[in-house]
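In: give me the fold of what follows.
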Amino acid sequence: MLREMLKSKIHRAKVTETNVDYVGSLTVDRRLLQAADIFPYEKVHVVNTNNGSRFVTYVIESERQGEICVNGAAARLAEPGDKIIIMSYGHFSAEELKEHSPVVVHVGEGNIPLE
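Out: Model prediction:
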């Protein structure tokens, strides 16, 4: 049996912009995606710590350092300056879970990964 578990998390990133007219998704600085082992078009769950809203979407990568843009209908669930948590999940066997530990990326000012 495979279990769905947290694979990666970008913790408390700051929304830099919203774009309700974009087709959909969440635009994220590619450096954050790489640090968190999240691939472009990967499904993610997003939690807004300012207002409690939650949504599911996919990510697209941005070349702009620190960019976190909530797009499409989900743009109604966030405002620039809101803190969000971006989480991706994976399916793991019991054997894989013995050594599994999720990747957690904490971010600082400007959405720069903290060491």
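In: longest single helix anywhere in the protein?
Out: In the chain, taking DSSP state H as the definition, the longest helix is helix 30-36.
In: buried stuff in that one?
Out: By neighbour count on 16 or more other CB atoms under 10 Å, the buried set for helix 30-36 is Arg30, Arg31, Leu32, Leu33, Ala35, Ala36. Yep, even glycine has a C-beta here, placed from its N, CA and C like the rest.
In: what segments of this structure are strands?
Out: Listed in chain order, the strands of the chain (DSSP state E) span residues 3-14, 17-19, 26-29, 43-48, 54-62, 68-71, 83-92, 103-106.
In: Ile112: which of the ones you listed is closest?
Out: Closest approach to Ile112 among the strands of the chain (CB to CB): strand 26-29, 8.9 Å.
In: and the closest one, how far out from the chain's middle?
Out: 8 Å (CA atoms, centre = their mean, to the nearest Å).
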